[in-house]
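Colleague: how would this look folded up:
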Amino acid sequence: MQGRLTAPQIREAKGERKLTMIAAYDYPTAKLLDQSGMDMLLVGDSLAMTVLGHEDTLSVGMEEMLHHTRAVARATEYSLVVGDMPFLSYQTSREQAVYNAGRFLKEGRAQAVKLEGGRPVLPQVEAIVASGIPVQGHLGLTPQSTAQLGGFKVQAKSAVTAGKLIEEAHALAQAGCFSIVLEAVPAEIAEKVAEEIPVPVIGIGAGAACDGQVLVFHDLVGLFQGTPPKFAKQYVNLADAVSEAASRFKTEVEEGTFPAEEHSFFLPREERNKL
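Modeller: Okay, the predicted model is just below:
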């Protein structure tokens with residue numbers, strides 16, 4: 001791995017190789033993922049739920065997103081860092097969208113931004129791209145719109161809604177998005193989108209035919225409480241490992257077996273004899 005990946009390189013990878021992206025929110029995690037060769041690290045607004053304990057993504061704002069984006073950016077040398085624009089940071093006007101996208105690059109040190117939606121946000125996408133900022137689109141299940149969608153549900157399940165999604169994917173690509181995330185859509189629809197549009201389609205719950213895949217770090221490593229999403233694969237169970245380690249620490253402290261001599265500091269013999 002030499003140098004940081006760029007948005008044009010991600011775009012040019014379509015048809016050449018599968019892309020990988022993980023949603024990460026802090027320095028030590030990002031450091032490990034960057035060293036593993038992850039193509040993109042998304043500082044997702046999902047941090048509202050996975051890190052900050054909110055019930056949805058709507059509660060996180062620009063300052064929190066920039067805080068976590070800076071931490072991830074400081075850790076990375078190879079991965080492209082994508083800052084997720086939070087709810088109401090881009091919806092009201094092009095000017096607001098460009099300003100906040102610029103903050104992700106200037107203050108957050110990200111290399112691109114991601115925003116949710118199709119035709120309603122095309123003017124914002126075009127304006128951000130025109131200002132020189134790479135944009136990643138997001139269609140299908142868009143968590144910032146769950147109130148309108150009726151919850152976290154699979155999208156584009158009919159011919160009509162699938163057709164609309166495909167049209168919006170084309171429109172986002174034409175507006176200048178360097179890649180598009182498809183979340184929770186039938187695999188057949190995702191495959192059709194990936195075949196038709198000229199930019200990489202990054203799937204999450206969208207089947208294997210996408211040009212790449214993204215998972216949330218906490219789902220990947222089993223660092224959560226409760227039932228994981230259907231589309232998430234748990235590669236290791238850190239929740240049990242952390243609980244076991246904490247329990248062992250508590251037991252050893254209570255029994256007096258920690259700290260042992262190898263974890264302690266002692267005076268030199270001559271100084272000890274003077275006491």
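Colleague: that's a strand at L215, yeah?
Modeller: Yes: L215: assigned to a strand according to DSSP: H, G, I helix; E, B strand; the rest coil.
Colleague: residues contacting it?
Modeller: Contacts for L215 were tallied using Cβ atoms under 8 Å, 6 or more residues apart in numbering; they are I22, A23, I204, A232, K233. For glycine as for every other residue, the C-beta is placed from the backbone atoms N, C-alpha and C.
Colleague: give me the number of residues near the third one?
Modeller: Okay, so that is I204. Neighbour count of I204, defined by other Cβ atoms under 10 Å: 25.
Colleague: show me the beta-bridge partners of it.
Modeller: E183 (DSSP bridges).
Colleague: relative to Q35, how far out is it?
Modeller: For I204, the distance to Q35 (Cβ to Cβ, to the nearest Å) stands at 23 Å.
Colleague: wait, what's in contact with the residue nearest to V216 when sequence neighbours are not counted?
Modeller: Take V216 and drop its neighbours on the chain: the residue closest to it by Cβ to Cβ, 6 or more residues apart in numbering is A23, 4.5 Å away. Residues in contact with A23, defined by Cβ under 8 Å, 6+ apart, are L41, L42, V43, G44, S46, L47, T50, V214, L215, V216, F217.
Colleague: how about the helices in the stretch 1-150 of the chain?
Modeller: Using DSSP state H, counting those that start in this stretch, the helices of the stretch 1-150 of the chain run over 7-12, 27-35, 47-50, 62-75, 94-106, 122-130, 146-149.
Colleague: buried ones in the fourth one, by neighbour count?
Modeller: So that's helix 62-75. By neighbour count, and taking 16 or more other Cβ atoms under 10 Å as the criterion, the buried residues in helix 62-75 are M62, E64, M65, L66, H68, T69, R70, A71, V72, A73, A75.
Colleague: and of those residues, the nearest to G83?
Modeller: T69 (4.6 Å; Cβ to Cβ).
Colleague: quick one: contacts for S59?
Modeller: With Cβ under 8 Å, 6+ apart as the criterion, the residues that contact S59 are A48, L52.
Colleague: after the lowest-mean-pLDDT helix or strand in the chain comes which helix or strand?
Modeller: For the chain, the helix or strand with the lowest mean confidence is helix 146-149, at a mean of 65 (criterion: mean pLDDT, DSSP states H and E). The C-terminal neighbour of helix 146-149 among helices and strands, as given by DSSP states H and E, is helix 159-175.
Colleague: centre of the chain to that following helix, how far?
Modeller: Helix 159-175 has its average C-alpha position 23 Å from the chain's average C-alpha position, going by Cα atoms, centre = their mean, to the nearest Å.
Colleague: please apply the same query to stretch 60-72.
Modeller: 12 Å.
Colleague: CA atoms of it as CSV?
Modeller: In CSV, the C-alpha atoms belonging to stretch 60-72 read as follows (Å, rounded to 0.1, in the frame of the first residue of the first chain):
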residue,chain,number,x,y,z
VAL,A,60,-26.1,13.5,16.1
GLY,A,61,-25.0,16.9,14.7
MET,A,62,-22.1,18.5,12.8
GLU,A,63,-19.8,19.1,15.8
GLU,A,64,-20.0,15.5,17.0
MET,A,65,-19.5,14.2,13.4
LEU,A,66,-16.5,16.5,12.9
HIS,A,67,-15.0,15.4,16.3
HIS,A,68,-15.1,11.7,15.3
THR,A,69,-14.0,12.4,11.7
ARG,A,70,-10.9,14.1,12.9
ALA,A,71,-10.0,11.2,15.1
VAL,A,72,-10.4,8.7,12.2
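Colleague: quick one: mean pLDDT for it?
Modeller: Regarding stretch 60-72, the rounded mean pLDDT is 98.
Colleague: which residues sit against it?
Modeller: 24-27, 30, 41, 43, 45, 47-48, 51-52, 54, 81, 83-87, 89, 100, 103-104, 107-110.
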